[in-house]
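Participant: Generate a structure from the sequence data that follows.
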Amino acid sequence: MDLSLTKDQQSFREEVRAFLAASLTPELRRGAELTSGVFAEPDIAREWQAILEEQGWLVYHWPDHAGGPGWTPIQRWIFEKECAEAGAPVLPGMGLKLVGPVLYTFGTQAQQDYYLSRLRSAEHFWAQGFSEPGAGSDLASLRTRAVREGDHYIVSGHKIWTTQAQHANRLFALVRTDAEVKPQKGISFLLIDMAQPGVTVKPILSASGDHELNEVFLDEVRVPVSDRVGDEGQGWSIAKFLLENERGGSSFAPAILADLARLHTSAGPLTGELADRALRLRLEAEALEMTELRTLIEIEHGAAPDPRSLTTKLLASEIRQGLEALAVDAFGLAGLQLPGERPFYGDDMPAPVVSPAAQVAAARYLNARAWSIFGGTSEIQLTLIAKAALGL
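Facilitator: Coordinates of the predicted model:
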């Protein structure tokens, strides 16, 4: 397999590099460095989102008919890799990568006209309302109900592990509209205004002390029928489409390799056992990158992805957890600070005496434990691999 870039792809990479050099400010880079969760904080994310939107590259993974630049899969990979190596903030994907494609694929023209522009401008900040206390991997058992009353649904239920819901003003949710049919056939997909009466958001603090996750309680919330995406009972099919985008819409290896390279700079030089671990992680990440590239090349040539592509989320979770464990060990005592314990934070404190990477190393290590849970647990990934790749 020839992995060398064509002349056009090399020119595109240089264009992306020039844009990042001119547009990625020191403040944005530092905001990304100090991010211990999955996504950048809203103030950083909104600034970077506005810059990308002005350039026309915000929805780089959308097709041109939906307002995207119409890039090929390899162009998207080049862009993600260059952003990772430059240290760009990671934008929340709930709107841009999840509900956006749902809307331009299944939404009415009125829904697309209203929601897509507001998503891109950041007027609407989206959260995902799928998981419930009794419905995580077994999502079809969800119990949040929506009862039709004229032109509205009355929605009541409880969602959990809702990322950045404390910042969101919109929620896309799976709800049960029919309890008398097969569980998957009784689910619908609703768009909910979180300013509506009856919506309550409660924080879930992670082991690191970060507030990224939430519970969302819905108590007789009125949702217009016009904010249902697709037909009633079509929610399960739409959710499968969305989850396929979530699990296969991005490459994992570029960010891992970039973070590993930065660790050598901020904590290095790594020697002895630490250097051995770093090398092993690099080899694993490069093997992951080859798998991701092979999949992208297959897609670009119109072929269905090889079932081995299902291994990427599983492998990325293991490598990411190994990388964050290495970072804590490499930084030593300087890397053992949690958000509430960092003595170098606060408006009246002097500038930090350790690197940003050291300041968030412990928090990132703890947050990385969730990599094998969110976006499909490792156990679910193994089941998918067993069925699709091994025929078991």
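
Participant: what sits against Pro133?
Facilitator: Listed by CB atoms under 8 Å, 6 or more residues apart in numbering, the contact set of Pro133 reads His158, Ile160. (Glycine included, C-beta is placed from N, CA and C.)

Participant: Could you tell me the phi and psi values at it?
Facilitator: phi -50, psi -30 (degrees, to the nearest 10).

Participant: Kindly report the same for Gln75.
Facilitator: Backbone torsions of Gln75, given as degrees, to the nearest 10, read phi -60, psi -40.

Participant: same deal with Pro197?
Facilitator: Torsion angles, degrees, to the nearest 10, at Pro197: phi -60, psi 140.

Participant: Domains of the protein: list them as residue ranges, please.
Facilitator: Taking automatic domain parsing as the reference, the chain has its domains at 7-91, 126-234, 251-388.

Participant: right, and the helix or strand after the helix or strand where Pro101 lies?
Facilitator: Assessed by DSSP states H and E, Pro101 sits inside helix 100-106. As assigned by DSSP H and E, the chain's next helix or strand after helix 100-106 is helix 109-120.

Participant: If you count neighbours, what's buried in that following helix?
Facilitator: Residues Gln111, Gln112, Tyr114, Tyr115, Leu116, Leu119, Arg120 are the ones in helix 109-120 that count as buried (16 or more other CB atoms under 10 Å).

Participant: now swap in stretch 8-24 and tell me
Facilitator: For stretch 8-24, by 16+ other CB under 10 Å, it's Phe12, Arg13, Val16, Phe19, Leu20, Ser23, Leu24.

Participant: Report the spatially closest residue to Glu53, excluding sequence-adjacent ones.
Facilitator: Leaving out its chain neighbours, the residue that sits closest to Glu53 by CB to CB, 6 or more residues apart in numbering is Arg120, at 5.7 Å.

Participant: Show the contacting residues for the one you found.
Facilitator: Residues near Arg120 by CB under 8 Å, 6+ apart: Glu53, Leu58, Val59, Gly67.

Participant: Tell me which two of those sit farthest apart.
Facilitator: Glu53 and Gly67 (10.3 Å; CB to CB).

Participant: ok, the two, which is more surrounded?
Facilitator: Shown here are Glu53 and Gly67; by other CB atoms under 10 Å, Gly67 has more neighbours (17 against 14).

Participant: Quick check: the more buried one vs Gly95, distance?
Facilitator: Remark: distance between Gly67 and Gly95 (CB to CB, to the nearest Å) = 13 Å.

Participant: hey, where'd the strands end up in the stretch 151-300 of the chain?
Facilitator: Using DSSP state E, counting those that start in this stretch, the strands assigned to the stretch 151-300 of the chain run over residues 152-159, 170-176, 187-193, 199-205, 211-224, 228-229.

Participant: what about those strands, which gets the closest to Leu257?
Facilitator: If you check each of the strands of the stretch 151-300 of the chain against Leu257 by CB to CB, strand 211-224 wins as the nearest, at 24.1 Å.

Participant: what's that closest one packed up against?
Facilitator: Packing partners of strand 211-224 (3 or more CB pairs under 8 Å, 6 or more residues apart in numbering; DSSP states H and E): strand 126-129, strand 152-159, strand 187-193, strand 199-205.
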